[in-house]
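> my questions concern the predicted model and sequence given below.
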Amino acid sequence: MPFPNRPTPRRRTGQLFRLTTGLIPLALFFALTACAAHTSTSRGNKSTPPAPTQAQPATQATTPSAPESEAKQCPSGLWLQVLGSGGPELTPDRASSSYLVWDHGQAVFLLDSGGGSFLRFAQAKAQWRDLKALLFSHFHADHSVDLTAFIKASWFGQRHQDLPLLGPWGNRLTPDANEFVARNIGKDTGAWAYLSDFYDDKPGASYRIRPHTVPANQSADSPVYQGNGWRVYAHRVTHGPLPALAWRLEKNGHVLVYSGDTTGEGLAPLLRKPVHLFLAHNAIPQNAGATARALHMTPRQIGQLAAIAQPQTLVLSHRMHRSLEQEDQTARLIAQHWSGTLRFANDLDRFCIP
Ligand SMILES: [Zn+2]
């Protein structure tokens, strides 16, 4: 029994996570303001470091008018914030894939944790103690490598509730979600076993990571997580040979769908209407080669999926050198299939889930 204090990974597979703890009081003030100014038309400029200016709205969070103005901008109170808009390449102004979902001033879900998200999370003034779950699309390094840094940082925080971590099944290339945590911080298996209090060792930490492997045959009709008014669904998508998931998050009729990295195959079951905000990865241009197309969606494929989902807003992220500065062509190809509000993401941008 490698983890005597825990259910085995297999037994937890396929179970539905239900938050059993009570509601945490809502924050008095929203964390950020003035998001619209840098989400409306921004298409990215590789030579412009965004962090200081884009982080700036966070410093305005204590102004008394912040909740009022933000409520006008986004009556649902639900926001997507981009922590990392880049891919796995080194770029001076883009962290790798990572996103926050904010619910009335609390960051409640962290979607992926690629390199650099650790810094962006702090710049966004999110609180680890507020998170309800960590959701992983897959375990490529540019989607997951900062997890252990977050866990270490939480030693100095105030979290007292266990934290579910949901991610895909494994294969020879990447471990399943349970094994991923074990290989990071497991007592006998972790590269950073000194952090095993947060997982499977004697409870010296104030909370534990509770991994849950979403199986490859997970139905898109059954939630894998429920709590605090949220229903979260996952479905298998094709991303080359990698086990990979797309996610659908719903609260009070407001819906966000996150594609993760994928060719688009497997996404349709999560695109049942309504979809209000569709976050899609724009890693390749239309003329990409076969290898890239076995991993990612072309702009035309994104447009075809948007035509199914009919979101109010389509946000394109995972922007790489090969897709940056192709925005005009990308927008034109998508517009052949779907018309709505299209945004190209930059780090720390916020988008209302309308
Ligand atoms: Zn990937």
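Looks like it arrived, so ask away.

> beyond the worst-scoring helix or strand of the chain on mean pLDDT, next helix or strand please.
Least confident helix or strand, the chain: helix 51-55 with a mean of 34, by mean pLDDT, DSSP states H and E. Using DSSP states H and E, the helix or strand that follows helix 51-55 in sequence is helix 66-73.

> and that following helix, how far out from the chain's middle?
Taking Cα atoms, centre = their mean, to the nearest Å, one finds helix 66-73 lying 24 Å from the centre of the chain it belongs to.

> equivalent analysis for stretch 275-288, please.
15 Å.

> what's the answer for stretch 180-196, then?
Taking the mean of its C-alpha atoms, stretch 180-196 sits 23 Å from the chain's own mean (Cα atoms, centre = their mean).

> list the buried residues for it?
Residues of stretch 180-196 classed as buried: F180, V181, A182, N184, I185, G186, K187, T189, G190, L195, S196 (neighbour count, 16 or more other Cβ atoms under 10 Å). Quick note: C-beta positions are derived from backbone N, CA and C, even for glycine.

> tell me the mean pLDDT over it?
The average pLDDT for stretch 180-196 rounds to 97.

> do the same with stretch 114-125
On average, stretch 114-125 scores 98.

> let me see the contact set for the residue in the stretch 1-150 of the chain that the ion sits nearest to.
Here the stretch 1-150 of the chain gets closest to the ion at one residue, H140, 3.6 Å apart by Cβ to the ion. Residues near H140 by Cβ atoms under 8 Å, 6 or more residues apart in numbering: P88, T174, L242, D261.

> for ChimeraX, write a command that selects the buried ones of those.
Filtering the contacts of H140 down to the buried ones (16+ other Cβ under 10 Å) takes a single ChimeraX command:
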select :88,174,242,261
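
> name the residues of this protein found near the ion, please.
Contacts of the chain with the ion, taken as Cβ under 5 Å from the ion, map to H140, D261.

> and stretch 224-237, which residues are buried?
The neighbour-count criterion (16+ other Cβ under 10 Å) identifies V224, Y225, G227, W230, V232, Y233, A234, H235, R236, V237 as the buried residues of stretch 224-237.

> with stretch 247-255 instead?
Neighbour-count burial for stretch 247-255 flags W247, R248, L249, E250, K251, H254, V255 (criterion: 16+ other Cβ under 10 Å).
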